[in-house]
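Just need the structure, nothing else, for what follows:
(chains A, B, C and D)
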Number of protein chains: 2
Amino acid sequence: MKIGEIAKRAGVSASRIRFYEAQGILPPAPRGANGYRDYPESLIATLGFIEQAQRLGFSLREIAGHATLEGKVCDALPEKLRAKLAEVDAHIAAALARRAELVALIATLEPDEEKAAA
Amino acid sequence: MKIGEIAKRAGVSASRIRFYEAQGILPPAPRGANGYRDYPESLIATLGFIEQAQRLGFSLREIAGHATLEGKVCDALPEKLRAKLAEVDAHIAAALARRAELVALIATLEPDEEKAAA
DNA sequence: CTACACCTTCAAGCTGGGTTGAAGGTCAAG
DNA sequence: CTTGACCTTCAACCCAGCTTGAAGGTGTAG
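Below is the predicted model of the structure:
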């Protein structure tokens, strides 16, 4: 499949795929006789994997070594996932603290708490 | 107070203060006869306010109009705070979803759950 | 008078994750 | 043969929020 089609199917831009290749997140694509990149269907799943990893808080650089391994879990992976879990937990705690701070700030600006129950 | 001292006292860099001024987050500082910026103590509190706002998830651009008003709450402020609260809530929900996804992923990699309770 | 720390300005660089554009090659249809 | 849609590369730009550097002025201590 050519880059345009796979991009459309995966819901990403073609430039993004080339960018991932340039950054070493994706391996160099096999090329047709004309020099065009030629992708297997499976790249769609790989791109999905990358998106998921990004959602999980991994940077592209962190993803780099793992996007192509996918199935073949290397030993270090669970460890990294647990480390990331700790990070996410810390992040949630910080966000909850922010939330509390915001609520408190709103409360000080609105002493209407007793009058209006809205 | 000169910029270096106020920076040290506020725990920020001098370049940052100049940057804030250039960006319009802080008003132009009064200058001494030599052209040096001359700050009142109160700027330390203002810088603290900016840091707090950033922690609360406001961008510098969002902060811009409010860092100098501080006390004098403009009418639109509570509204903005409530909007930001909604944003923070959405952010927390997303983070919790990430967390759940991570936990699930870790679980699939470790069917040791029953054997090792470590 | 000389050193040295501090101040000034403006311009450029950094990180991350891309997008946008120019210049050119390829391929199928009409 | 020309048009148009696609592909290629490479370089430059975008955002935020700063930092760093160059080039020069100021203030004070010895």
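
So is the biggest helix by length in chain A next to chain B?
Counting by DSSP state H, the longest helix found in chain A is helix A:76-109. Yes. With C-beta under 8 Å from any C-beta of the partner chain as the measure, helix A:76-109 is seen reaching chain B through A:77-78, A:81-82, A:84-85, A:88-89, A:91-92, A:95-96, A:98-99, A:101-103, A:105-106, A:109. C-beta: built from backbone N, CA, C; applies to glycine.

which residue sits closest to residue A:9, ignoring its sequence neighbours?
residue A:44 (5.7 Å; C-beta to C-beta, 6 or more residues apart in numbering or on different chains).

Also residue A:106?
Of all residues not flanking residue A:106 in the chain, residue B:81 sits nearest, at 5.1 Å (C-beta to C-beta, 6+ apart).

Let me know the helix or strand that the residue of chain A found nearest DNA strand D is in.
Using C-beta to the nearest atom of the strand, the single residue of chain A nearest to DNA strand D is residue A:4, 2.5 Å away. Taking DSSP states H and E as the definition, one finds residue A:4 inside helix A:3-10.

so for the next helix or strand after that helix, what's the average pLDDT?
Beyond helix A:3-10 on the C-terminal side, the first helix or strand identified by DSSP H and E is helix A:14-23. Averaging pLDDT along helix A:14-23 yields 95.

Export helix A:14-23 to CSV, keeping only CA atoms.
Below are the C-alpha coordinates for helix A:14-23, written out as CSV (Å, rounded to 0.1, in the frame of the first residue of the first chain):
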residue,chain,number,x,y,z
ALA,A,14,1.3,11.0,5.4
SER,A,15,3.9,13.5,6.5
ARG,A,16,3.6,12.1,10.0
ILE,A,17,4.5,8.6,8.8
ARG,A,18,7.5,10.0,7.0
PHE,A,19,8.4,11.9,10.1
TYR,A,20,8.2,8.7,12.2
GLU,A,21,10.5,7.0,9.8
ALA,A,22,13.0,9.8,9.8
GLN,A,23,13.0,9.8,13.6
